[in-house]
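K.L.:
Coordinates only, no sequence provided:
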């Protein structure tokens with residue numbers, strides 16, 4: 001069995017002394033949105049405010065474990081049921097779990113994950129050469145005289 005990887009958008013969770021992964025795939029998100037009658041945005045917000053009910057948390061966790069299990073070929077994970085997960089979650093640190101769910105769902109909400117629940121690569125950015133000046137720079141152009149007074153301007157001494 002492959003270990004979980006946050007780089008792939010997977011988050012681990014310990015239930016009953018065993019470690020499983022959670023993957024917020026499109027399929028998992030659809031299933032938990034139907035199960036808790038809440039959008040992924042609402043679920044992320046509720047996790048951040050620590051206002052998810054235990055059964056809602058269990059449904060989100062269950063669907064994300066099932067998605068992880070299907071992705072990695074874990075035989076038992078796709079068979080998980082929310083009532084049993086809810087029982088097992090009662091022994092876990094609820095606040096830590098909700099913060100992990102908030103982060104996982106935030107990635108799903110902000111487009112940081114692919115539909116399969118894997119982490120997207122960061123966007124490539126263009127860099128300017130250190131010596132190049134941007135074309136539309138706000139800096140004033142250097143006067144043709146090199147900054148020295150021209151013949152038409154006399155200085156007083």
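P.N.:
Everything's here; your move. Model, not experiment: these values are computed from the prediction.
K.L.:
Give me the longest helix you can find in the chain.
P.N.:
The longest helix of the chain (DSSP state H) is helix 54-72.
K.L.:
Check which helix or strand the nearest residue to residue 61 once chain neighbours are set aside maps to.
P.N.:
Nearest non-adjacent residue to residue 61, counting by C-beta to C-beta, 6 or more residues apart in numbering: residue 85, 5.5 Å away. Every residue, glycine included, has its C-beta placed from N, CA and C. Using DSSP states H and E, residue 85 maps to helix 82-89.
K.L.:
rewinding a little: neighbours around the residue nearest to residue 61, how many?
P.N.:
Residue 85: 25 surrounding residues under other C-beta atoms under 10 Å.
K.L.:
sorry, back to before: what mean pLDDT does the longest helix of the chain have?
P.N.:
Mean pLDDT, helix 54-72: 94.
K.L.:
Tell me the buried residues in that helix?
P.N.:
By neighbour count on 16 or more other C-beta atoms under 10 Å, the buried set for helix 54-72 is 56-72.
K.L.:
next one: stretch 81-92
P.N.:
For stretch 81-92, by 16+ other C-beta under 10 Å, it's 82, 85, 86, 88, 89.
K.L.:
The second one reaches residue 63, doesn't it?
P.N.:
Right, residue 85. No - using C-beta atoms under 8 Å, residue 85 is not in contact with residue 63; the gap is 9.7 Å.
K.L.:
coming back round to it: what angle do the helix holding residue 85 and helix 54-72 make?
P.N.:
Angle of helix 82-89 versus helix 54-72, following axes from the mean of the first three to the mean of the last three C-alpha atoms, to 10 degrees, is 100 degrees.
K.L.:
Identify all contacting residues around helix 82-89.
P.N.:
Residues outside helix 82-89 that contact it (C-beta atoms under 8 Å, 6 or more residues apart in numbering) are 15, 16, 35, 54, 55, 57, 58, 59, 61, 62, 65, 97.
K.L.:
Residue 107 versus the fourth one, what's the distance?
P.N.:
Put plainly, it is residue 54. Distance, residue 54 to residue 107, using C-beta to C-beta, to the nearest Å: 23 Å.
K.L.:
And for the last one?
P.N.:
Separation of residue 97 from residue 107 (C-beta to C-beta): 16 Å.
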